[in-house]
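**Student:** Let me see the structure of the following:
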Amino acid sequence: MYFKQYYLGCLAHASYLLADEITGTAVVVDPQRDVDQYLDDAARGYFAIRYVFLTHFHADFLAGHLELRDRAGAAICLGARAAAEYPFRPVKEGDRFEFGALGLEILETPGHSPESICLLLYDFARSREHPWAVLTGDTLFAGDVGRPDLRASLGWSAETLAGLLYDSLQKLLALPDETLVYPAHGAGTLCGKSLASETVSTIGFQRRHNYALQPMSREAFVRLVTADQPEAPPYFTYDAILNTKERPTLERTLEKVLRPLRLDDVLRLVEQGAQLLDVRPAADFAAAHLQESIHIGLAGQYATWAGTVLSKDLPIVILAEPGRETEAATRLGRIGFDNIAGYLEGGIEACRLREDLIRRHDRLAPATLAELLQAPRPPLLVDVRTHAEWRLKHIPGAAHVPLQHLAERLEQIPRDRTVVAYCQGGYRSAIAVSLLERAGFPHLADLAGGIAAWEAGGLPLRSRPDAAAGHNHPAG
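**Tutor:** Modelled structure (predicted):
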């Protein structure tokens, strides 16, 4: 049996290729939308990808099931409760697939979503009776379970789904302790609140250490898993619905949208309402950027923040380091943001003769910022991290405006003072500065290295060490 886990760090997403080396039959589970890696590995192993399974309609990314259907001829398999525009094979509790030494058995595990399934994986060379592993999707993670509140806008209450999740987890707890657990996400996803960093575990370890698997009543479990969930980005419902739709594949989309644009064309599109997305490193953006740019760096949780900050309905023009335009568009495609008008040919160098269009801002070292805060008219510090991070520790005197709420709370920030944004490491604060500049704030800077650099410099903090227990948040 062949087995491989693929881990996409920027979305904290795990997908899987399984194959029987005798019959050459392969299965992909929960693929990302750019599917070349599965096809390449299958070709190297002389495997044919016959099936692609979605454990549920993912909310945090657009899956690659249609891409594998069109490029490999794979049949799409979904839980029996699923409804979709495209043809698929519904699979229900107890359904089995056997290919030589490889076996799959379906468990219906509603809770994170109504149609959720888990896949028991048998390696018949080891045992025909006991599963070697279980692919748990977003039902069970290392250290957590799937949040039950993401389908509220589609008519499902968190309490109802949490009750279903309680029953579903009993099926997993009935498995032998040595059964390996391979989930669809690791730490950093917003599909749970306290995931561990491991991308594989065992049922026994989770039984002992996962807070949500400890003995408790259904009512206590519902209260526990519906409390203190991190705020979900607005694109989650959009992606969950889009995963049920027939839509253009990523390959066709990129062929259409990856077109070079002259500076005059970019300016015209921006004037007509397009979003100018600068994906370069934060230091490069601070040194020189085109007016009206929104900065979201490729180096961090780019897709998640793009889905949070950008509008899916307005065209996007990409400004990247030359050669990275395809990466920027592909990663937007992973969350279904396909409304791309093109990219600025030549990147920021295309603007070298138009100094009137260039904007800059300072990135302050912690010691420099500390000195400025002692001035008679100090800058206003704005902490753009989550509530949990703020409660854990923050710089004294800072205002707290989480990045995902910055656009709606601009009136709370004075325009007659220098505003200095900060976050954990400098990634989110660079986004915040670009949004503030676009909104007309004249005097802006951000803290280079974020609060981590501030703390490393021995500068004062207000702390509550126990405040963020149980919370998950994006880094940077």
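
**Student:** Let me see the contact set for residue 116.
**Tutor:** Neighbour list for residue 116: 55, 56, 79, 108, 109, 110, 137, 138, 139, 146, 168 [criterion: C-beta atoms under 8 Å, 6 or more residues apart in numbering]. Just so you know, the C-beta spots here come from the backbone N, C-alpha and C atoms, and that holds for glycine as well.

**Student:** do that again at 10 Å, thanks
**Tutor:** Contacts of residue 116 were listed using C-beta atoms under 10 Å, 6 or more residues apart in numbering, and they are 54-57, 79, 81-82, 107-110, 136-139, 146, 161, 164-165, 168.

**Student:** Same question for residue 76.
**Tutor:** Taking C-beta under 10 Å, 6+ apart, we find residue 76 in contact with 51-54, 63, 65-66, 68-69, 82, 84, 86-89.

**Student:** Adjacent strands (with direction) for the lowest-mean-pLDDT helix or strand in the chain?
**Tutor:** The least trusted helix or strand in the chain, going by mean pLDDT, DSSP states H and E, turns out to be strand 462-463, with a mean of 90. Here strand 462-463 is paired, per DSSP bridges, with strand 393-394 (antiparallel).

**Student:** what residues does the partner strand touch?
**Tutor:** Here strand 393-394 makes contact (C-beta under 10 Å, 6+ apart) with 381, 383, 385, 400, 422, 451, 454-455, 461-465, 467-468.

**Student:** please redo it, this time with the cut-off set to 7 Å
**Tutor:** 383, 400, 451, 461, 462, 463 (C-beta atoms under 7 Å, 6 or more residues apart in numbering).

**Student:** Pull the residues that contact the helix or strand just after it.
**Tutor:** Using DSSP states H and E, the helix or strand that follows strand 393-394 in sequence is strand 399-400. Residues from elsewhere that reach strand 399-400 (C-beta under 7 Å, 6+ apart): 380, 381, 382, 383, 390, 394.

**Student:** now do 6 Å
**Tutor:** 382, 383, 390 (C-beta atoms under 6 Å, 6 or more residues apart in numbering).

**Student:** among the residues you listed, which are in strands?
**Tutor:** The strands, defined by DSSP state E, take in 382, 383 from the contacts of strand 399-400.

**Student:** any idea whether residue 15 is helix, strand or coil?
**Tutor:** Recorded secondary structure, residue 15: strand (DSSP: H, G, I helix; E, B strand; the rest coil).

**Student:** and it, how many residues sit next to it?
**Tutor:** 24 (other C-beta atoms under 10 Å).

**Student:** need the contact list for it.
**Tutor:** If a contact means C-beta under 6 Å, 6+ apart, then residue 15 has 6, 30, 31, 32 as its contacts.

**Student:** State the pLDDT value of the second one.
**Tutor:** Note for residue 30: predicted pLDDT of 98.

**Student:** Wait, it touches residue 184, no?
**Tutor:** Yes: if you go by C-beta atoms under 6 Å, residue 30 and residue 184 touch, sitting 4.9 Å apart.

**Student:** out of those two, which sits in the more crowded spot?
**Tutor:** The neighbour comparison of residue 30 against residue 184 (other C-beta under 10 Å) goes to residue 184, with 30 against 27.

**Student:** Quick check: the more buried one vs residue 459, distance?
**Tutor:** 40 Å (C-beta to C-beta, to the nearest Å).

**Student:** Look up phi and psi at the nearest residue to residue 314 once chain neighbours are set aside.
**Tutor:** Distances taken as C-beta to C-beta, 6 or more residues apart in numbering place residue 275 nearest to residue 314, at 5.3 Å, with adjacent residues excluded. Note on residue 275: backbone dihedrals following degrees, to the nearest 10 are phi -100, psi 120.
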